[in-house]
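In: Sequence below, structure please.
(one chain, ligands or ions: 4)
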Amino acid sequence: MAKINFGGVVEDVVTREEFPLEKARQVLADETIAVIGYGVQGPGQALNMKDNGLNVIVGQRKGKTYDKAVADGWVPGVNLFEIEEALQKGTIICYLLSDAAQIEMWPTVKKYLTAGKSLYFSHGFGITYKEKTGIIPPADVDVFLAAPKGSGTSLRRLFVEGKGLNSSFAVYQDATGKAREKCIAMAIGVGSGYLFETDFYKEVTSDLTGERGTLMGAIQGIFAAQYEVLRENGHSPSEAFNETVEELTQSLMPLVAENGMDWMYANCSTTAQRGALDWWRPFKEATKPVFEKLYNSVKTQAEAARSIDLNSKPDYRVKLEAELAELHDSEMWRAGAAVRSLRPERS
Ligand SMILES: NC(=O)c1ccc[n+]([C@@H]2O[C@H](COP(=O)([O-])OP(=O)(O)OC[C@H]3O[C@@H](n4cnc5c(N)ncnc54)[C@H](O)[C@@H]3O)[C@@H](O)[C@H]2O)c1
Ligand SMILES: CC(C)(O)[C@@H](O)C(=O)O
Ligand SMILES: [Mg+2]
Ligand SMILES: [Mg+2]
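Out: Ligands and ions are numbered 1, 2, ... in the order given. Next up is the predicted model:
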(Lines give C-alpha, C1' and ligand atoms only; values in the text may rest on other atoms or scores of the structure.)
(Ligands and ions follow the chains in the order given, each with its own letter.)
Protein backbone atom coordinates (compact mmCIF):
# COMPACT_ATOMS: atom_id res chain seq x y z
CA MET A 1 0.00 0.00 0.00
CA ALA A 2 1.21 3.50 -0.77
CA LYS A 3 1.47 5.93 2.14
CA ILE A 4 -0.11 9.25 1.20
CA ASN A 5 -0.23 12.38 3.34
CA PHE A 6 -3.78 13.75 3.26
CA GLY A 7 -3.45 17.25 4.71
CA GLY A 8 -1.22 16.07 7.52
CA VAL A 9 -2.78 12.63 8.11
CA VAL A 10 -0.93 9.72 6.55
CA GLU A 11 -3.14 6.99 5.09
CA ASP A 12 -2.45 3.72 3.28
CA VAL A 13 -4.04 3.66 -0.17
CA VAL A 14 -3.96 1.30 -3.14
CA THR A 15 -3.13 2.82 -6.49
CA ARG A 16 -3.39 1.31 -9.96
CA GLU A 17 0.43 1.40 -10.15
CA GLU A 18 0.92 -1.01 -7.27
CA PHE A 19 -2.12 -3.15 -8.11
CA PRO A 20 -2.26 -2.97 -11.90
CA LEU A 21 -5.10 -4.33 -13.98
CA GLU A 22 -2.91 -7.25 -15.03
CA LYS A 23 -2.68 -8.35 -11.40
CA ALA A 24 -6.46 -8.02 -11.00
CA ARG A 25 -6.91 -10.23 -14.07
CA GLN A 26 -4.60 -12.87 -12.57
CA VAL A 27 -6.37 -12.87 -9.20
CA LEU A 28 -9.79 -13.18 -10.86
CA ALA A 29 -8.74 -15.51 -13.71
CA ASP A 30 -10.74 -18.51 -12.49
CA GLU A 31 -13.78 -16.55 -11.30
CA THR A 32 -17.16 -16.08 -12.91
CA ILE A 33 -18.28 -12.64 -11.76
CA ALA A 34 -22.09 -12.47 -11.64
CA VAL A 35 -23.43 -8.92 -11.51
CA ILE A 36 -26.92 -9.21 -10.03
CA GLY A 37 -28.97 -6.15 -10.94
CA TYR A 38 -28.61 -3.78 -13.86
CA GLY A 39 -29.85 -0.48 -12.43
CA VAL A 40 -27.28 2.31 -11.97
CA GLN A 41 -24.14 0.58 -10.59
CA GLY A 42 -24.80 -2.72 -12.38
CA PRO A 43 -24.21 -1.43 -15.94
CA GLY A 44 -21.20 0.73 -14.99
CA GLN A 45 -19.42 -2.04 -13.09
CA ALA A 46 -20.37 -4.92 -15.41
CA LEU A 47 -19.37 -3.11 -18.62
CA ASN A 48 -16.11 -1.82 -17.12
CA MET A 49 -15.18 -5.31 -15.88
CA LYS A 50 -16.05 -6.84 -19.27
CA ASP A 51 -13.93 -4.23 -21.07
CA ASN A 52 -11.14 -4.93 -18.57
CA GLY A 53 -11.10 -8.54 -19.78
CA LEU A 54 -12.79 -10.18 -16.77
CA ASN A 55 -15.24 -13.04 -17.03
CA VAL A 56 -18.54 -11.29 -16.27
CA ILE A 57 -22.16 -12.36 -16.52
CA VAL A 58 -25.27 -10.33 -15.67
CA GLY A 59 -28.33 -11.56 -13.76
CA GLN A 60 -31.40 -9.40 -14.23
CA ARG A 61 -35.13 -10.08 -14.06
CA LYS A 62 -37.02 -9.72 -17.36
CA GLY A 63 -38.40 -6.29 -18.22
CA LYS A 64 -37.21 -2.87 -19.31
CA THR A 65 -33.85 -3.15 -17.54
CA TYR A 66 -33.18 -6.61 -19.03
CA ASP A 67 -33.86 -5.08 -22.45
CA LYS A 68 -31.37 -2.32 -21.65
CA ALA A 69 -28.76 -4.97 -20.86
CA VAL A 70 -29.42 -6.57 -24.26
CA ALA A 71 -29.11 -3.14 -25.91
CA ASP A 72 -25.76 -2.71 -24.10
CA GLY A 73 -24.45 -5.87 -25.77
CA TRP A 74 -25.14 -8.57 -23.15
CA VAL A 75 -26.31 -11.76 -24.87
CA PRO A 76 -29.14 -13.84 -23.37
CA GLY A 77 -27.98 -17.35 -22.56
CA VAL A 78 -24.32 -16.38 -23.07
CA ASN A 79 -23.57 -13.67 -20.51
CA LEU A 80 -27.08 -12.47 -19.57
CA PHE A 81 -29.37 -14.64 -17.45
CA GLU A 82 -32.34 -14.58 -15.12
CA ILE A 83 -31.17 -13.84 -11.58
CA GLU A 84 -31.24 -17.43 -10.27
CA GLU A 85 -29.28 -18.81 -13.21
CA ALA A 86 -26.60 -16.12 -12.78
CA LEU A 87 -26.46 -16.85 -9.04
CA GLN A 88 -25.88 -20.50 -9.78
CA LYS A 89 -23.14 -19.84 -12.37
CA GLY A 90 -21.35 -17.05 -10.48
CA THR A 91 -18.42 -17.60 -8.12
CA ILE A 92 -18.29 -13.91 -7.13
CA ILE A 93 -21.82 -12.63 -6.59
CA CYS A 94 -21.97 -8.85 -7.02
CA TYR A 95 -25.09 -7.91 -5.14
CA LEU A 96 -26.11 -4.77 -7.01
CA LEU A 97 -29.86 -4.83 -6.58
CA SER A 98 -31.29 -1.75 -4.89
CA ASP A 99 -30.69 -1.95 -1.13
CA ALA A 100 -34.42 -2.61 -0.60
CA ALA A 101 -34.52 -5.39 -3.21
CA GLN A 102 -31.44 -6.98 -1.62
CA ILE A 103 -33.55 -7.66 1.49
CA GLU A 104 -36.35 -9.21 -0.56
CA MET A 105 -34.05 -11.41 -2.69
CA TRP A 106 -31.75 -12.50 0.13
CA PRO A 107 -33.35 -15.93 0.80
CA THR A 108 -32.83 -16.77 -2.90
CA VAL A 109 -29.26 -15.44 -3.01
CA LYS A 110 -28.30 -17.31 0.15
CA LYS A 111 -29.24 -20.66 -1.43
CA TYR A 112 -26.51 -20.21 -4.05
CA LEU A 113 -23.75 -19.02 -1.70
CA THR A 114 -21.93 -22.32 -1.46
CA ALA A 115 -18.56 -22.72 0.29
CA GLY A 116 -15.69 -20.78 -1.29
CA LYS A 117 -17.87 -18.35 -3.25
CA SER A 118 -17.63 -14.61 -2.66
CA LEU A 119 -20.34 -12.08 -1.91
CA TYR A 120 -19.53 -8.57 -3.11
CA PHE A 121 -21.41 -5.37 -2.22
CA SER A 122 -21.02 -1.73 -3.23
CA HIS A 123 -22.48 -0.49 0.04
CA GLY A 124 -22.20 -1.44 3.69
CA PHE A 125 -25.97 -1.19 4.18
CA GLY A 126 -27.17 -4.81 4.02
CA ILE A 127 -24.48 -6.15 6.37
CA THR A 128 -24.26 -3.24 8.84
CA TYR A 129 -28.01 -3.25 9.40
CA LYS A 130 -28.27 -7.04 9.36
CA GLU A 131 -30.78 -7.10 12.23
CA LYS A 132 -33.09 -5.07 9.99
CA THR A 133 -32.18 -6.57 6.58
CA GLY A 134 -31.74 -10.23 7.56
CA ILE A 135 -28.62 -10.36 5.35
CA ILE A 136 -26.37 -12.76 7.25
CA PRO A 137 -23.98 -14.60 4.91
CA PRO A 138 -22.86 -18.18 5.56
CA ALA A 139 -19.50 -18.39 7.39
CA ASP A 140 -17.72 -20.20 4.54
CA VAL A 141 -18.01 -17.43 1.92
CA ASP A 142 -15.82 -14.35 1.50
CA VAL A 143 -17.70 -11.08 1.97
CA PHE A 144 -16.27 -7.74 0.86
CA LEU A 145 -17.18 -4.45 -0.73
CA ALA A 146 -15.90 -1.96 -3.24
CA ALA A 147 -17.92 1.23 -3.18
CA PRO A 148 -17.32 3.66 -6.04
CA LYS A 149 -17.64 7.20 -4.69
CA GLY A 150 -20.09 8.39 -7.30
CA SER A 151 -22.87 7.39 -9.63
CA GLY A 152 -22.62 4.26 -11.78
CA THR A 153 -23.26 6.57 -14.71
CA SER A 154 -20.06 8.51 -14.04
CA LEU A 155 -18.16 5.29 -13.23
CA ARG A 156 -18.80 4.20 -16.81
CA ARG A 157 -18.33 7.64 -18.42
CA LEU A 158 -15.00 8.23 -16.70
CA PHE A 159 -13.81 4.71 -17.58
CA VAL A 160 -14.59 5.32 -21.26
CA GLU A 161 -12.58 8.58 -21.03
CA GLY A 162 -9.65 6.69 -19.49
CA LYS A 163 -10.27 8.16 -16.01
CA GLY A 164 -11.63 6.56 -12.81
CA LEU A 165 -13.76 7.31 -9.74
CA ASN A 166 -12.14 6.61 -6.39
CA SER A 167 -13.59 3.74 -4.40
CA SER A 168 -13.46 2.54 -0.85
CA PHE A 169 -12.93 -1.13 -0.09
CA ALA A 170 -13.53 -3.33 2.94
CA VAL A 171 -13.39 -6.99 3.88
CA TYR A 172 -16.10 -8.21 6.24
CA GLN A 173 -15.44 -11.93 6.17
CA ASP A 174 -12.37 -13.81 4.93
CA ALA A 175 -13.23 -17.49 4.64
CA THR A 176 -10.66 -18.45 1.99
CA GLY A 177 -7.69 -16.35 3.07
CA LYS A 178 -7.92 -14.59 -0.28
CA ALA A 179 -10.75 -12.14 0.38
CA ARG A 180 -8.59 -9.03 0.56
CA GLU A 181 -6.77 -9.77 -2.69
CA LYS A 182 -10.07 -10.55 -4.45
CA CYS A 183 -11.65 -7.40 -3.05
CA ILE A 184 -8.87 -5.14 -4.30
CA ALA A 185 -8.84 -6.93 -7.67
CA MET A 186 -12.60 -6.33 -8.01
CA ALA A 187 -12.25 -2.66 -7.05
CA ILE A 188 -9.58 -2.21 -9.73
CA GLY A 189 -11.63 -4.31 -12.20
CA VAL A 190 -14.71 -2.10 -11.94
CA GLY A 191 -12.59 0.84 -13.07
CA SER A 192 -11.66 2.63 -9.85
CA GLY A 193 -8.96 5.24 -9.53
CA TYR A 194 -7.21 4.98 -6.16
CA LEU A 195 -8.68 2.86 -3.35
CA PHE A 196 -8.98 3.73 0.32
CA GLU A 197 -9.72 1.19 3.01
CA THR A 198 -12.75 1.36 5.25
CA ASP A 199 -15.10 -1.03 7.03
CA PHE A 200 -18.76 -1.76 6.31
CA TYR A 201 -20.00 0.45 9.15
CA LYS A 202 -17.87 3.46 8.21
CA GLU A 203 -18.76 3.08 4.53
CA VAL A 204 -22.49 3.15 5.16
CA THR A 205 -22.36 5.94 7.74
CA SER A 206 -20.24 8.24 5.58
CA ASP A 207 -22.20 7.40 2.41
CA LEU A 208 -25.62 8.05 3.99
CA THR A 209 -24.31 11.30 5.48
CA GLY A 210 -22.77 12.44 2.19
CA GLU A 211 -25.78 11.81 -0.03
CA ARG A 212 -28.16 13.43 2.47
CA GLY A 213 -25.63 16.22 3.01
CA THR A 214 -23.39 18.13 0.63
CA LEU A 215 -23.68 15.69 -2.27
CA MET A 216 -27.44 16.02 -2.71
CA GLY A 217 -29.70 16.96 0.22
CA ALA A 218 -27.83 19.98 1.55
CA ILE A 219 -26.92 21.32 -1.84
CA GLN A 220 -30.51 21.11 -3.10
CA GLY A 221 -31.64 22.89 0.09
CA ILE A 222 -29.07 25.67 -0.36
CA PHE A 223 -29.90 26.02 -4.06
CA ALA A 224 -33.62 26.30 -3.24
CA ALA A 225 -33.03 28.85 -0.48
CA GLN A 226 -30.86 31.18 -2.58
CA TYR A 227 -33.09 30.81 -5.65
CA GLU A 228 -36.17 31.75 -3.60
CA VAL A 229 -34.49 34.80 -2.05
CA LEU A 230 -33.43 36.05 -5.49
CA ARG A 231 -36.93 35.47 -6.91
CA GLU A 232 -38.63 37.12 -3.93
CA ASN A 233 -36.46 40.18 -4.62
CA GLY A 234 -37.55 40.53 -8.20
CA HIS A 235 -34.84 38.64 -10.08
CA SER A 236 -35.94 36.67 -13.16
CA PRO A 237 -35.86 32.85 -13.16
CA SER A 238 -32.97 32.82 -15.61
CA GLU A 239 -30.93 35.26 -13.53
CA ALA A 240 -31.72 33.37 -10.32
CA PHE A 241 -30.89 29.98 -11.88
CA ASN A 242 -27.68 31.13 -13.51
CA GLU A 243 -26.44 32.76 -10.31
CA THR A 244 -27.42 29.75 -8.16
CA VAL A 245 -26.74 26.60 -10.18
CA GLU A 246 -25.55 27.04 -13.75
CA GLU A 247 -22.43 29.04 -12.99
CA LEU A 248 -21.54 26.61 -10.21
CA THR A 249 -21.81 23.46 -12.32
CA GLN A 250 -20.56 24.86 -15.61
CA SER A 251 -17.83 27.23 -14.55
CA LEU A 252 -16.74 27.07 -10.94
CA MET A 253 -17.04 23.38 -9.94
CA PRO A 254 -14.90 22.12 -12.83
CA LEU A 255 -12.23 24.60 -11.66
CA VAL A 256 -12.69 23.54 -8.04
CA ALA A 257 -12.39 19.90 -9.16
CA GLU A 258 -9.15 20.74 -10.95
CA ASN A 259 -7.55 23.01 -8.38
CA GLY A 260 -9.52 23.15 -5.13
CA MET A 261 -11.71 25.84 -3.54
CA ASP A 262 -8.57 27.43 -2.05
CA TRP A 263 -7.40 28.15 -5.62
CA MET A 264 -10.89 29.41 -6.55
CA TYR A 265 -10.76 31.88 -3.66
CA ALA A 266 -7.38 33.11 -4.90
CA ASN A 267 -8.53 33.37 -8.52
CA CYS A 268 -11.80 35.30 -8.52
CA SER A 269 -12.40 39.03 -8.39
CA THR A 270 -11.25 40.85 -5.28
CA THR A 271 -14.91 41.70 -4.65
CA ALA A 272 -16.03 38.05 -4.76
CA GLN A 273 -13.02 37.07 -2.70
CA ARG A 274 -13.82 39.56 0.11
CA GLY A 275 -17.47 38.49 0.23
CA ALA A 276 -16.81 34.74 0.04
CA LEU A 277 -14.18 35.02 2.77
CA ASP A 278 -16.66 36.89 4.99
CA TRP A 279 -19.66 34.64 4.34
CA TRP A 280 -18.40 31.05 4.48
CA ARG A 281 -18.27 30.99 8.27
CA PRO A 282 -21.88 32.17 8.79
CA PHE A 283 -22.98 29.43 6.37
CA LYS A 284 -20.89 26.87 8.24
CA GLU A 285 -22.30 27.99 11.60
CA ALA A 286 -25.87 27.89 10.29
CA THR A 287 -25.54 24.44 8.77
CA LYS A 288 -23.23 22.56 11.14
CA PRO A 289 -26.06 21.82 13.62
CA VAL A 290 -28.07 20.34 10.73
CA PHE A 291 -25.12 18.14 9.74
CA GLU A 292 -24.76 17.03 13.37
CA LYS A 293 -28.45 16.17 13.47
CA LEU A 294 -28.08 14.26 10.20
CA TYR A 295 -25.03 12.29 11.37
CA ASN A 296 -26.85 11.40 14.56
CA SER A 297 -29.86 10.22 12.60
CA VAL A 298 -27.54 7.97 10.57
CA LYS A 299 -25.70 6.73 13.68
CA THR A 300 -28.86 5.81 15.57
CA GLN A 301 -29.98 3.89 12.45
CA ALA A 302 -33.07 6.10 12.12
CA GLU A 303 -32.12 6.76 8.47
CA ALA A 304 -31.74 3.04 7.73
CA ALA A 305 -35.01 2.21 9.49
CA ARG A 306 -36.84 4.92 7.56
CA SER A 307 -35.44 3.78 4.25
CA ILE A 308 -36.29 0.12 4.89
CA ASP A 309 -39.76 0.82 6.34
CA LEU A 310 -40.84 3.23 3.60
CA ASN A 311 -39.52 1.04 0.80
CA SER A 312 -41.62 -1.88 2.00
CA LYS A 313 -44.90 0.11 1.94
CA PRO A 314 -47.13 -0.92 -0.96
CA ASP A 315 -47.87 2.69 -1.94
CA TYR A 316 -44.24 3.83 -1.64
CA ARG A 317 -43.57 4.07 -5.37
CA VAL A 318 -46.67 6.20 -6.01
CA LYS A 319 -45.77 8.58 -3.18
CA LEU A 320 -42.16 8.68 -4.38
CA GLU A 321 -43.23 9.59 -7.90
CA ALA A 322 -45.23 12.50 -6.44
CA GLU A 323 -42.22 13.72 -4.41
CA LEU A 324 -39.92 13.48 -7.42
CA ALA A 325 -42.51 15.26 -9.57
CA GLU A 326 -42.59 18.12 -7.05
CA LEU A 327 -38.85 18.67 -7.56
CA HIS A 328 -39.08 18.18 -11.31
CA ASP A 329 -41.97 20.62 -11.61
CA SER A 330 -40.45 23.27 -9.34
CA GLU A 331 -39.79 26.57 -11.05
CA MET A 332 -36.07 26.30 -10.31
CA TRP A 333 -35.58 22.98 -12.10
CA ARG A 334 -37.94 23.91 -14.94
CA ALA A 335 -35.84 27.06 -15.36
CA GLY A 336 -32.81 24.74 -15.26
CA ALA A 337 -34.15 22.62 -18.12
CA ALA A 338 -34.63 25.78 -20.19
CA VAL A 339 -31.15 27.03 -19.33
CA ARG A 340 -29.56 23.66 -20.24
CA SER A 341 -31.38 23.63 -23.58
CA LEU A 342 -29.73 26.97 -24.39
CA ARG A 343 -26.16 25.79 -23.85
CA PRO A 344 -24.33 26.41 -27.14
CA GLU A 345 -23.24 22.77 -27.45
CA ARG A 346 -26.92 21.67 -27.39
CA SER A 347 -28.11 23.88 -30.21
N1 LIG B 1 -26.73 4.37 -7.72
C2 LIG B 1 -25.42 4.52 -7.59
O3 LIG B 1 -24.74 5.13 -8.43
C4 LIG B 1 -24.68 3.88 -6.43
C5 LIG B 1 -23.40 4.37 -6.06
C6 LIG B 1 -22.65 3.66 -5.11
C7 LIG B 1 -23.21 2.54 -4.51
N8 LIG B 1 -24.46 2.12 -4.85
C9 LIG B 1 -24.98 0.90 -4.25
O10 LIG B 1 -25.03 -0.10 -5.28
C11 LIG B 1 -26.15 -0.98 -5.06
C12 LIG B 1 -27.06 -0.95 -6.28
O13 LIG B 1 -27.64 0.33 -6.34
P14 LIG B 1 -28.31 0.91 -7.68
O15 LIG B 1 -28.59 2.36 -7.40
O16 LIG B 1 -27.49 0.55 -8.84
O17 LIG B 1 -29.66 0.09 -7.68
P18 LIG B 1 -31.02 0.40 -8.48
O19 LIG B 1 -31.98 1.06 -7.59
O20 LIG B 1 -30.67 1.09 -9.74
O21 LIG B 1 -31.57 -1.08 -8.73
C22 LIG B 1 -30.75 -2.14 -9.25
C23 LIG B 1 -31.56 -3.30 -9.77
O24 LIG B 1 -32.46 -3.81 -8.81
C25 LIG B 1 -33.48 -4.47 -9.56
N26 LIG B 1 -34.62 -4.71 -8.67
C27 LIG B 1 -35.32 -3.77 -7.97
N28 LIG B 1 -36.30 -4.38 -7.25
C29 LIG B 1 -36.18 -5.71 -7.50
C30 LIG B 1 -36.86 -6.86 -7.03
N31 LIG B 1 -37.85 -6.76 -6.15
N32 LIG B 1 -36.47 -8.08 -7.49
C33 LIG B 1 -35.45 -8.19 -8.38
N34 LIG B 1 -34.76 -7.14 -8.85
C35 LIG B 1 -35.10 -5.93 -8.40
C36 LIG B 1 -33.76 -3.51 -10.69
O37 LIG B 1 -34.31 -4.21 -11.79
C38 LIG B 1 -32.35 -3.00 -11.03
O39 LIG B 1 -31.76 -3.78 -12.03
C40 LIG B 1 -26.80 -0.49 -3.77
O41 LIG B 1 -26.22 -1.20 -2.71
C42 LIG B 1 -26.40 0.98 -3.70
O43 LIG B 1 -26.42 1.53 -2.41
C44 LIG B 1 -25.20 2.76 -5.79
C1 LIG C 1 -24.24 8.20 -6.05
C2 LIG C 1 -24.30 8.21 -4.52
C3 LIG C 1 -25.20 9.32 -4.03
O4 LIG C 1 -22.97 8.47 -4.05
C5 LIG C 1 -24.66 6.83 -3.95
O6 LIG C 1 -24.25 6.76 -2.62
C7 LIG C 1 -26.09 6.39 -4.07
O8 LIG C 1 -26.61 5.86 -3.08
O9 LIG C 1 -26.70 6.51 -5.15
MG1 LIG D 1 -25.47 5.81 -1.27
MG1 LIG E 1 -22.30 7.27 -2.41
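In: give the contact list for the closest residue to ligand 2 within the chain.
Out: Nearest to ligand 2, among the residues of the chain, is residue 211, at 3.9 Å (CB to the nearest ligand atom). (Each C-beta comes from the backbone N, C-alpha and C, glycine too.) Residues in contact with residue 211, defined by CB atoms under 8 Å, 6 or more residues apart in numbering, are residue 217.
In: which SS class is it?
Out: Per DSSP: H, G, I helix; E, B strand; the rest coil, the local secondary structure of residue 211 is helix.
In: That one and residue 5, how far apart?
Out: 28 Å (CB to CB, to the nearest Å).
In: Could you count how many residues lie near residue 203?
Out: Neighbour count for residue 203, taken as other CB atoms under 10 Å: 24.
In: ok, so what distance separates the nearest residue to it once chain neighbours are set aside from residue 175?
Out: Closest residue to residue 203 apart from its sequence neighbours, by CB to CB, 6 or more residues apart in numbering: residue 124 at 3.9 Å. Applying CB to CB, the value for residue 124 to residue 175 is 19 Å.
In: So those two - more neighbours on which side?
Out: residue 124 (24 against 17).
In: so where's the stretch 101-250 of the chain shaky on pLDDT?
Out: Applying pLDDT under 70 to the stretch 101-250 of the chain flags no residue at all.
In: quick one: residue 128 and residue 200 touch, right?
Out: Yes - using CB atoms under 8 Å, residue 128 makes contact with residue 200 at a distance of 5.1 Å.
In: you'd agree residue 150 is up against residue 165?
Out: Yes - because the distance of 4.5 Å satisfies CB under 8 Å, residue 150 is recorded as touching residue 165.
In: between those two, who's got more neighbours?
Out: Higher neighbour count among residue 150 and residue 165: residue 165, with 22 against 16, using other CB under 10 Å.
In: and the more buried one, what element?
Out: For residue 165, there is no helix or strand it lies in under DSSP states H and E.
In: quick one: it and residue 152 touch, right?
Out: No - using CB under 8 Å, residue 165 is not in contact with residue 152, being 9.5 Å away.
In: For the stretch 51-200 of the chain, list the residues in contact with ligand 1, please.
Out: 60-61, 65, 96-99, 101, 104-105, 122-123, 125, 147-148, 151-152 (CB under 6 Å from any ligand atom).
In: Could you work out the end-to-end span of stretch 338-346 for me?
Out: 11 Å (CA to CA, to the nearest Å).
In: Now that stretch: buried residues?
Out: Within stretch 338-346, the residues that count as buried by 16 or more other CB atoms under 10 Å are residue 339.
In: same check, this time on stretch 54-73
Out: Applying 16+ other CB under 10 Å to stretch 54-73 flags 54-60, 66, 69 as buried.
In: Same question for stretch 209-223.
Out: Those would be 209-210, 212-213, 218, 223, for stretch 209-223 by 16+ other CB under 10 Å.
In: mind checking how far the closest residue to residue 55 other than its chain neighbours is from residue 52?
Out: Computed as CB to CB, 6+ apart, the closest residue to residue 55 that is not its neighbour in sequence is residue 32, at 5.5 Å. Residue 32 is 15 Å from residue 52, where distance means CB to CB.
In: Equivalent analysis for residue 137, please.
Out: Taking CB to CB, one finds residue 137 at 26 Å from residue 52.
In: same deal with residue 282?
Out: 47 Å.
In: does residue 95 have beta-bridge partners, and which?
Out: residue 36 (DSSP bridges).
In: where do the helices sit along the stretch 151-300 of the chain?
Out: Assigned by DSSP state H, counting those that start in this stretch, the helices in the stretch 151-300 of the chain fall at 152-160, 179-189, 200-212, 217-232, 237-241, 247, 253-259, 261-266, 270-299.
In: winner for burial among these?
Out: Comparing the helices of the stretch 151-300 of the chain by mean neighbour count (mean count of other CB atoms under 10 Å), helix 179-189 comes out on top with a mean of 24.
In: for that one, packing partners?
Out: Secondary-structure packing of helix 179-189 (3 or more CB pairs under 8 Å, 6 or more residues apart in numbering; DSSP states H and E): strand 9-14, helix 21-27, strand 92-95, strand 118-121, strand 142-148, strand 167-173, strand 195-197.
In: Mind checking those for the one nearest to residue 278?
Out: strand 9-14 (29.1 Å; CB to CB).
In: what does that closest one contact?
Out: Counting by CB under 8 Å, 6+ apart, residues outside strand 9-14 touching it are 1-4, 169, 184, 187-188, 194-197.
In: Show me the residue of the stretch 51-200 of the chain that gets nearest to ligand 3, please.
Out: residue 123 (6.1 Å; CB to the ion).
In: What count of nearby residues applies to that residue?
Out: 19.
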